[in-house]
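>>> what follows is a predicted structure for the sequence shown.
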Amino acid sequence: KKTQSSVLRDRDPYLEREKQKYSNPLPSREYVLDLLRDAGSPLYAEELGHMLGIRDDEWTFFTRRLRAMERDGEVIVNRKGAICIADKLDLIRARIIGHRDGFGFAKPDDGSADLFLSEREMGRVLHGDRVMVRETGTDRRGRREGKIVEVLERVNQTVVGRLQRERGVMFVVPEDRRINQDILVEPGGDAGARSGQVVVVEILAQPQRYAKPIGRILEVLGDYADPGMEIEIALRKHALPYEFSAAALRQAGKTPDKVRKKDCKGRVDLRELPLVTIDGETARDFDDAVFAEPSGKGWRLVVAIADVSHYVEPGDALDVDAFDRGNSVYFPRRVIPMLPEALSNGICSLNPDVERLCMVCDMQIGPKGKVKSFDFYPAVMRSRARLTYTDRKSTRLNSSHANVSR
């Protein structure tokens, strides 16, 4: 005979979906929220568990689900430990935007107008944190004003800044001025850094309403005036991934440094076509090459792109790192590539006078510049020249194909 709690649990409208996702399905988030709405008042986790017939062996997983719902702003645990529906409390899920003058804003996830947060409210959060806020009215300038009810997520685990010492107390002043709270360095946590040096500090205790954040120094970058320091700061300030994973480096180390005979199988041979690359003077990796020649009343245009997909498979270590980076980042004297140097400057770079695999778009262009026809195919090529944007001289190639110029 089924108990009342098991019957209640079987009424979950999303039960079949949960069964498909988990071998031992729990009540869905939506159903838990429905039960809280029907109750009309906050419920303790034990009450919810009893209502839903949560077994002893399920309790750990059920509490994890409730914590995940709290983290995502669907429910709030009040001071008594009871669970409330967030939207019933008129709470708004938002991300913190700090201002260098101490105040800040809560940017709602639903796209509504930002809520102004006073310097006092900002005392318990840092720029980027996710929170639940309650609208409290408007300020003197007519802006929506809010109060932080709950911090959902702390996003700042490390911060780059300058180490300072005053009256025996060491603290880090963040380079990102949207983080306007100094981070106190715990005793013995200075890693030997000197006052005035640029450091990376790990936050051990996040800010509270009446307490500054506390951390320890993980990395000493050097003096502020050191060459390239602005790049080191930018990398960490904007959380740019500048180190490849060990797995990606291992895979890159196994990548061949030249095109093998078997790699050319099934590809069009364009090694005798005088393709050229055109990039800036300081470029180190060459992704694309072009060739054009008169054809009938128009032109034949060939555009070749380095075939990275031959060496990087979906889901492998190189692909995971590249996806995380999204693109290469160019600084005045440094490049943070999307792929390790063995690929970005090596086998996947269309360097002159070496064989490379590529993907090609072969086009027929009419006399007025309109594309008449085109064909895509994999090929193997050999760049004949490395040209630059500012080189206005024509380059004659050792080929029967006339001149190739900028």
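Structure received. Numbers count the residues shown, from 1 in each chain.

>>> the nearest residue to D182 once chain neighbours are set aside and D391, how far apart?
Nearest non-adjacent residue to D182, counting by C-beta to C-beta, 6 or more residues apart in numbering: F171, 4.4 Å away. Heads up, the C-betas are built off the backbone N, CA and C, glycines and all. According to C-beta to C-beta, to the nearest Å, F171 stands 52 Å off from D391.

>>> which one's more surrounded, those two?
F171 (20 against 14; other C-beta atoms under 10 Å).

>>> now the helices: where do they sit in the stretch 51-200 of the chain?
Using DSSP state H, counting those that start in this stretch, the helices of the stretch 51-200 of the chain run over residues 59-71, 119-122.

>>> just name the most buried of those helices.
For the helices of the stretch 51-200 of the chain, average neighbour numbers computed from mean count of other C-beta atoms under 10 Å are highest in helix 119-122, which has a mean of 17.

>>> can you give the contact residues for that one?
96, 98, 102-104, 146-148, 180, 209 (C-beta atoms under 8 Å, 6 or more residues apart in numbering).

>>> if you set the cut-off to 10 Å instead, what comes out?
Helix 119-122 has contacts (C-beta atoms under 10 Å, 6 or more residues apart in numbering) with 96, 98-99, 101-106, 115, 129, 131, 133, 136, 145-148, 180-181, 207, 209.

>>> ok, of the residues you listed, which come out buried?
Neighbour counting by 16 or more other C-beta atoms under 10 Å classes 96, 98-99, 103-106, 115, 129, 131, 133, 145-146, 148, 180-181, 207 among the contacts of helix 119-122 as buried.

>>> circling back: and the pLDDT at the residue nearest to D182?
We note a pLDDT of 96 for F171 in this prediction.

>>> hmm, it is touching G189, no?
No. F171 is beyond contact range of G189, at 11.1 Å (criterion: C-beta atoms under 10 Å).

>>> overlap in contacts, those two.
Common neighbours of F171 and G189 are listed as 201, 214-215 (criterion: C-beta under 10 Å, 6+ apart).

>>> what is the burial count for the closest residue to R154 other than its chain neighbours?
Nearest residue to R154, sequence neighbours excluded (C-beta to C-beta, 6+ apart): Q206, at 5.1 Å. For Q206, the count of nearby residues is 17 (other C-beta under 10 Å).

>>> quick one, strands of the stretch 301-406 of the chain?
Along the stretch 301-406 of the chain, the segments classed as strands by DSSP state E, counting those that start in this stretch run 329-331, 334-336, 355-365, 371-382, 385-388, 395-396, 403-404.

>>> to D287, which of those lies closest?
strand 355-365 (9.7 Å; C-beta to C-beta).

>>> so which bits of the closest one are buried?
In strand 355-365, counting by 16+ other C-beta under 10 Å, buried: 355-360, 362-365.

>>> quick one: mean pLDDT over stretch 235-254.
92.

>>> okay, buried residues for that stretch please.
By neighbour count on 16+ other C-beta under 10 Å, the buried set for stretch 235-254 is 235-237, 244, 248, 251-252.

>>> verify the contact between K107 and R95 for me.
Yes. Counting by C-beta under 10 Å, K107 does reach R95; the two are 5.0 Å apart.

>>> quickly list what's touching both of the two.
Common neighbours of K107 and R95, using C-beta under 10 Å, 6+ apart, are D114.

>>> between the two, which one's more packed in?
Neighbours per residue, other C-beta under 10 Å: of K107 and R95, the larger number sits with R95, 18 against 15.

>>> bridged to that one, which residues?
K107, R130 (DSSP bridges).

>>> for L357, same thing?
When bridges are called by DSSP bridges, L357 pairs up with V380.

>>> ok, it to Y377 distance?
According to C-beta to C-beta, L357 and Y377 sit 12 Å apart.
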